[in-house]
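K.L.:
Need the 3D shape of this:
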Amino acid sequence: MRYFCATAFAIAFAAAVFAQAGAAIAAPAPQFDPRINATQEQAVLSGGCFWGMQGVFEHVKGVTRVVAGYTGGAADTAQYEIVSTGSTGHAESVQIDFDPRVISYGQILQIFVTVAADPTQLNYQGPDSGTQYRSEIWYAPSDQQQKIASAYIAQLTGAKTFSGPIVVRLDPARAFYPAEAYHQDFMILNPDNPYIAYNDIPKLQALQAQFPQFYAARPVRVTAAN
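P.N.:
Okay, here's the model as predicted:
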């Protein structure tokens, strides 16, 4: 279940992390990153709580839609309360539609491992633990995404970009099930939520600091703006 830390200390600590977010070292750009000849491509990624994952990628230029949801399990278990048990095979995930003429699949992965999720954390991300919070790259049926992701993981491993081994999983895409409506655009709609302030706002600041060329101040949304 989601961890909430509604204390003054948590908010103050989040502000400090927010201020230092730009100091982190970005993962290098993928060396193998061919573009596809298309106007739209889709990526499915898992990396802990989908609130933060969705919130980050909604602020990336070239991204046209980001849906929070579940993948890896069966249709009849794609419900938050059931997925939260960690027994369904599902991972909290995001489905990202993007324009490969603006941002490549490899660059999506670069943002993923730099600011959206920690690829060295196995079956947890930050305060959330369980297989439903694992980091995973779900590649499309075409082998292009698989080759790019595999090459990038090998590149980062060889360069020792991270202090620990990379444990992010790489698997063929499975059916994606959108999460409940109240989860969509959660970070946009609830920026003062203690969990968001503590865990996810620093990621957004890191995106702006590390990837200014890809940062979009105005996010895309699943829900209609009020």
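K.L.:
And the strands in the protein, which stretches?
P.N.:
With DSSP state E, the ranges of strands along the chain come out as 41-47, 63-71, 91-98, 124-125, 128-129, 135-139, 169-172, 176-178.
K.L.:
Output the ones you listed as JSON lines; include the columns mean neighbour count, distance to residue 112 and mean pLDDT.
P.N.:
Heads up, the C-betas are built off the backbone N, CA and C, glycines and all. Formatted as JSON lines, those follow (neighbours: other C-beta atoms under 10 Å; distance: least, C-beta to C-beta, whole Å; pLDDT from 0 to 100):
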{"stretch": "strand 41-47", "mean neighbour count": "23", "distance to residue 112": "6", "mean pLDDT": "97"}
{"stretch": "strand 63-71", "mean neighbour count": "22", "distance to residue 112": "12", "mean pLDDT": "98"}
{"stretch": "strand 91-98", "mean neighbour count": "25", "distance to residue 112": "9", "mean pLDDT": "98"}
{"stretch": "strand 124-125", "mean neighbour count": "20", "distance to residue 112": "12", "mean pLDDT": "96"}
{"stretch": "strand 128-129", "mean neighbour count": "18", "distance to residue 112": "17", "mean pLDDT": "96"}
{"stretch": "strand 135-139", "mean neighbour count": "23", "distance to residue 112": "8", "mean pLDDT": "98"}
{"stretch": "strand 169-172", "mean neighbour count": "14", "distance to residue 112": "12", "mean pLDDT": "97"}
{"stretch": "strand 176-178", "mean neighbour count": "17", "distance to residue 112": "16", "mean pLDDT": "98"}
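K.L.:
Including distance to residue 208, could these go into JSON lines?
P.N.:
Below are these laid out as JSON lines (distance: least, C-beta to C-beta, whole Å):
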{"stretch": "strand 41-47", "distance to residue 208": "19"}
{"stretch": "strand 63-71", "distance to residue 208": "15"}
{"stretch": "strand 91-98", "distance to residue 208": "18"}
{"stretch": "strand 124-125", "distance to residue 208": "21"}
{"stretch": "strand 128-129", "distance to residue 208": "24"}
{"stretch": "strand 135-139", "distance to residue 208": "22"}
{"stretch": "strand 169-172", "distance to residue 208": "28"}
{"stretch": "strand 176-178", "distance to residue 208": "27"}
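K.L.:
unless I'm mixing things up, residue 187 is touching residue 54, no?
P.N.:
Yes - counting by C-beta atoms under 8 Å, residue 54 is a contact partner of residue 187 at 6.6 Å.
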